[in-house]
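**Q** coordinates for the following, if possible.
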Amino acid sequence: MTTAKYDRDGISFQYPENWVLEEDPPRGVPRTISVTSSAGAFWSATVYVAAGSLEDLEQEYIATFREEYDEVELDPIQVVVGERRLGAIDLQFYCLDFLVCAKAVAIKSAGVPVMLLLWQAEDREFTKYEPVFRAITVSLLREQLAA
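**A** A predicted model of the protein is given here:
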């Protein structure tokens, strides 16, 4: 699989070349950078300059999901990305009659801006895309920590 590279305003990561990149808004904060597969699976990073605790950020994100979707199941989990163990939230919800699986990971460490990562795919496709989501996240962490 060939990769493309996003590198702007101190944020850098690699992603599959055939995925579509979007930024909202293109400049400023918070801003969300996302890459989406042709099947609709996506990985996104929302970048914050200043934020409260990671727990506050996660709770805000959960509240947003609950406002948008009627029933959201969530469980706090740990995910291993590369050599790092990160706290995360495992989410499942229905959207247009599809069961959607997502993981939300808040990151705050030296050399890395405060970010909330989200990777999401339809339930039947999530296992297929999760290694790609993890690879994008590993490249983000590697690039940020090397800066």
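**Q** run the chain-centre distance for stretch 66-84.
**A** 10 Å (CA atoms, centre = their mean, to the nearest Å).
**Q** swap in stretch 8-21?
**A** So, by CA atoms, centre = their mean, the centroid of stretch 8-21 is 12 Å from its chain's centroid.
**Q** now name the helix or strand holding the closest residue to Ser38 other than its chain neighbours.
**A** Nearest residue to Ser38 in three dimensions, chain neighbours excluded: Asn18, at 7.0 Å (CB to CB, 6 or more residues apart in numbering). Any C-beta I mention is one placed from the backbone N, CA and C, and that applies to glycine too. Using DSSP states H and E, Asn18 sits in no helix or strand.
**Q** against Glu73, how distant is Asn18?
**A** Using CB to CB, to the nearest Å, Asn18 is found at 31 Å from Glu73.
**Q** what's in contact with stretch 22-36?
**A** Applying CB atoms under 8 Å, 6 or more residues apart in numbering, the set of residues contacting stretch 22-36 from outside is 6, 9, 11, 15-16, 19-21, 42-49, 136.
**Q** and with 10 Å instead?
**A** 4, 6, 8-9, 11, 13-16, 19-21, 41-51, 113-116, 118-120, 132-133, 136, 140 (CB atoms under 10 Å, 6 or more residues apart in numbering).
**Q** which secondary structure elements does the helix-or-strand element of the chain with minimal mean pLDDT contact?
**A** Least confident helix or strand, the chain: helix 54-68 with a mean of 74, by mean pLDDT, DSSP states H and E. Packing contacts for helix 54-68, counted by 3 or more CB pairs under 10 Å, 6 or more residues apart in numbering; DSSP states H and E, involve strand 42-48, strand 72-81, strand 84-95, strand 98-109, strand 112-122.
**Q** dump those strands into a markdown table; add mean pLDDT and distance to Thr36 as well.
**A** Listed next are the helices and strands packed on helix 54-68 as a markdown table, based on pLDDT from 0 to 100; distance: least, CB to CB, whole Å:
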| stretch | mean pLDDT | distance to Thr36 |
| --- | --- | --- |
| strand 42-48 | 90 | 4 |
| strand 72-81 | 83 | 20 |
| strand 84-95 | 84 | 15 |
| strand 98-109 | 84 | 14 |
| strand 112-122 | 85 | 10 |
